[in-house]
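> Structure, please.
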Amino acid sequence: MTERNYEGLKKYFNEIYHSNPFVNLLEIKLSHIEPGFAELQMPIHQSKHTNLYHVAHGGAMASVADTAMGVACASLGRRVVTLELNMNFIKAPGPGTQVRALARVVHNGRQTLVVECEVLGGDDGLLLKARGTFFVVGQFDIVLGD
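So this is what the prediction gives:
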């Protein structure tokens with residue numbers, strides 16, 4: 001993939017996700033995209049992302065993983081909805097942490113995609129391991145390629 005294609009695709013998906021109220025609420029940002037892969041980032045703010053124990057809420061962590069997996073599907077031109085999610089919470093990050101969700105498509109079928117995701121903390125330590133199954137509901141007009 002050329003640098004021009006990558007920048008165009010990143011801009012295209014940033015525009016799509018910029019209009020998503022939930023993604024904006026959680027301050028999730030796309031940092032890298034390539035065919036079948038996406039990396040998103042989310043800050044952990046005390047006032048927005050934490051639970052009563054003052055660590056990241058599991059729902060916020062699941063949301064960044066689910067969103068990253070959906071973007072990985074979208075990078076292949078596939079519009080999807082989540083059918084199934086499996087989350088293994090390893091460690092809860094505290095406020096001030098910038099988490100990174102790295103999602104990779106492991107099965108790109110006609111009707112479903114299976115995606116794995118790791119959410120890493122500021123020290124690149126594993127915080128969450130996820131897997132999801134996604135149902136194809138349509139196509140995007142743009143697809144990554146060489």
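
> The residue nearest the centre of the chain: which element?
Residue closest to the average C-alpha location in the chain (CA atoms, centre = their mean): Ala68, at 1.0 Å. Using DSSP states H and E, the element containing Ala68 is helix 58-74.

> Can you name the next helix or strand after that helix?
Heading C-terminal from helix 58-74 (DSSP H and E), you reach strand 78-89.

> Show me what counts as buried in that following strand.
Buried residues in strand 78-89, counting neighbours by 16 or more other CB atoms under 10 Å, are found at Arg78, Val80, Leu85, Met87. The way it works is simple: take the backbone N, C-alpha and C, and place the C-beta from them, glycine included.

> Tabulate those in a markdown table, adding columns for distance to Leu113 and pLDDT.
Shown next, in a markdown table, are the buried residues of strand 78-89 (distance: CB to CB, whole Å; pLDDT from 0 to 100):
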| residue | distance to Leu113 | pLDDT |
| --- | --- | --- |
| Arg78 | 6 | 94 |
| Val80 | 6 | 97 |
| Leu85 | 13 | 98 |
| Met87 | 17 | 98 |
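
> Out of these, which is nearest to Gly58?
Of all the buried residues of strand 78-89, Gly58 sits closest to Met87, with 7.5 Å by CB to CB.

> Surely the closest one is in contact with Ala130?
Yes. If you go by CB atoms under 8 Å, Met87 and Ala130 touch, sitting 5.0 Å apart.

> For the two, list the residues in contact with both.
Ala62, Ala65 (CB atoms under 8 Å, 6 or more residues apart in numbering).

> What about His32, how many residues nearby?
Number of residues near His32 (other CB atoms under 10 Å) recorded here: 14.

> how about the helix or strand harbouring it: buried residues?
Remark: His32 resides in strand 29-34, with elements defined by DSSP H and E. For strand 29-34, burial by neighbour count (16+ other CB under 10 Å) applies to Lys29, Leu30, Ile33, Glu34.

> Good, we can wrap up now.
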